[in-house]
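Enquirer: A predicted structure for the sequence below; I have some questions about it.
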Amino acid sequence: MPELPEVETTARGIIPVVRNQIVEAVTIRQHRLRWDVPSSLKSLIQNRQVFEVARRAKYLLLIFEHGALLIHLGMSGRLKILDCGVKPERHDHVDLVFSSGKMLRFNDPRRFGSIRWLDGNPLDSAELSHLGPEPFDEKFTGKMLFEVSRGRSITIKSFIMDGRVVAGIGNIYANEALFRSGIFPGRQAGRIALRRYRLLVPNIQAVLTEAIEAGGTTLRDYMAATGQPGYFEQSLQVYNREGQSCIRCDGIIRKQIISQRATYYCGDCQRY
DNA sequence: CTTTACGCCTGACGGC
DNA sequence: TGCCGTCAGGCGTAAA
C-alpha cells in the first residue's frame, strides 16, 4: 500500500492522538508480522510517554525517551485511530491504548508490515542507518544522483526505488516522476546525463508534495489513520493507465514489467 | 561489489 | 456458482 506520501499522511494523522501521550495498555493478537512483534513490547512502553512522532523513508517512528517503536505498513497495513474498547475486526493485530482513552490499532491483512522496538537513537539503528537521504533533504540533488549512478547498469526506475539511494520512493511515484521527467524507466541509471537528473529531482519532489497535499493515493485499501481516503489517484498520469492516451502527447500509455514491478510509461515522450 | 529472483501473506478479480 | 491463476503500493535475503 503505502509509499512516502501515505506514510506521511498517516504520521500527520496520528500526531494529535499520540504525541505526548502515555501508553496505558498494549494488546497483541497476532505476533507474526514480517518480523515477530516483540513479546517484551508491553514492558518496554507501558506507562511511558511518546514524546515525538516521525517518519523516515516509509517507516513511522513513535519516539520514547529510551528508544523508538518502528512501524512499517508493508503493502496492506494501516493504522486506525479509535476510542478504546472498540471491538477488533479481522486482521487487527496490535493495539496501543493511551491514557487519553484513544487507541492506535494496527491492521494488516497481508502481514508484510512490522512493529519493532529500537533501543536508543533510532537513526543509529541497523534498520535506518543504511538509508539514503529523504527526497526533501538538501543532500538530494541532481548532481548527487548523477554521481552515485555512474557505472550502474540497473534501470533508472529500480535505482530511484532503492532506499539506499533515496528514501521512500515506491512503485507508483517512481512511475509518475519518470513520466514527468520524460525518462524511459528501463534506461540504465549510469547512462543518464546530469541535466536529466537535474530535471528528475524536482519532479520527484513535486509529485510527492502534491500527493501529500491530496492525502495520498487510495488504490485499494489505503486510508489515513483518521479514516480519510487519499485523493491523488485522480492525479496519476501514467500509473494504472495502460492503453489510455498520454496527457501530454498523442502517445498511448504502455505497461511493461521492469525489475518484477508493473511499470507504466508513455511510449512516445519517454523514449530514452 | 552489483544485480536479479524469490518469498513472506491475504484478498480481489477475471476467465472458464 | 465455484475453482484457479494472476496480481497488488515493500523489502530483506540468497543466489548469480
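Expert: Now that the structure is in, tell me what you want to look at. Numbering: from 1, shown residues only, chains lettered A, B, ... in the order given.

Enquirer: and the residue of chain A found nearest DNA strand C, backbone torsions?
Expert: Per CB to the nearest atom of the strand, A:Gly170 is where chain A lies closest to DNA strand C, at 2.1 Å. In this view, the C-beta of every residue, glycine as well, is placed from N, C-alpha and C. Phi and psi for A:Gly170, reported as degrees, to the nearest 10, are phi -110, psi -170.

Enquirer: Show me what from the stretch 51-200 of chain A comes close to DNA strand B.
Expert: A:76, A:90-91, A:109-112, A:152-155, A:158, A:190 (CB under 7 Å from any atom of the strand).

Enquirer: Which ChimeraX command selects the buried ones in these?
Expert: To isolate the buried ones among those in ChimeraX, judged by 16 or more other CB atoms under 10 Å, type:
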select /A:76,91,109,111,152,155,158
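
Enquirer: Give me the subset of the residues of the stretch 51-200 of chain A next to DNA strand B lying in strands.
Expert: Nothing among these maps onto strands, per DSSP state E.

Enquirer: Mark which of the residues of the stretch 51-200 of chain A next to DNA strand B are part of helices, please.
Expert: Mapping those onto helices (DSSP state H) picks out A:Ser158.

Enquirer: Could I get the residues of the stretch 51-200 of chain A next to DNA strand B in JSON lines, plus columns for pLDDT and distance to A:Leu219?
Expert: Output for those, formatted as JSON lines (pLDDT from 0 to 100; distance: CB to CB, whole Å):
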{"residue": "A:Ser76", "pLDDT": "95", "distance to A:Leu219": "11"}
{"residue": "A:Arg90", "pLDDT": "94", "distance to A:Leu219": "20"}
{"residue": "A:His91", "pLDDT": "96", "distance to A:Leu219": "18"}
{"residue": "A:Pro109", "pLDDT": "95", "distance to A:Leu219": "15"}
{"residue": "A:Arg110", "pLDDT": "95", "distance to A:Leu219": "14"}
{"residue": "A:Arg111", "pLDDT": "96", "distance to A:Leu219": "19"}
{"residue": "A:Phe112", "pLDDT": "95", "distance to A:Leu219": "16"}
{"residue": "A:Arg152", "pLDDT": "97", "distance to A:Leu219": "30"}
{"residue": "A:Ser153", "pLDDT": "97", "distance to A:Leu219": "31"}
{"residue": "A:Ile154", "pLDDT": "97", "distance to A:Leu219": "26"}
{"residue": "A:Thr155", "pLDDT": "97", "distance to A:Leu219": "23"}
{"residue": "A:Ser158", "pLDDT": "97", "distance to A:Leu219": "21"}
{"residue": "A:Gly190", "pLDDT": "97", "distance to A:Leu219": "32"}
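
Enquirer: from the residues of the stretch 51-200 of chain A next to DNA strand B, which is closest to A:Cys246?
Expert: A:Thr155 (20.6 Å; CB to CB).
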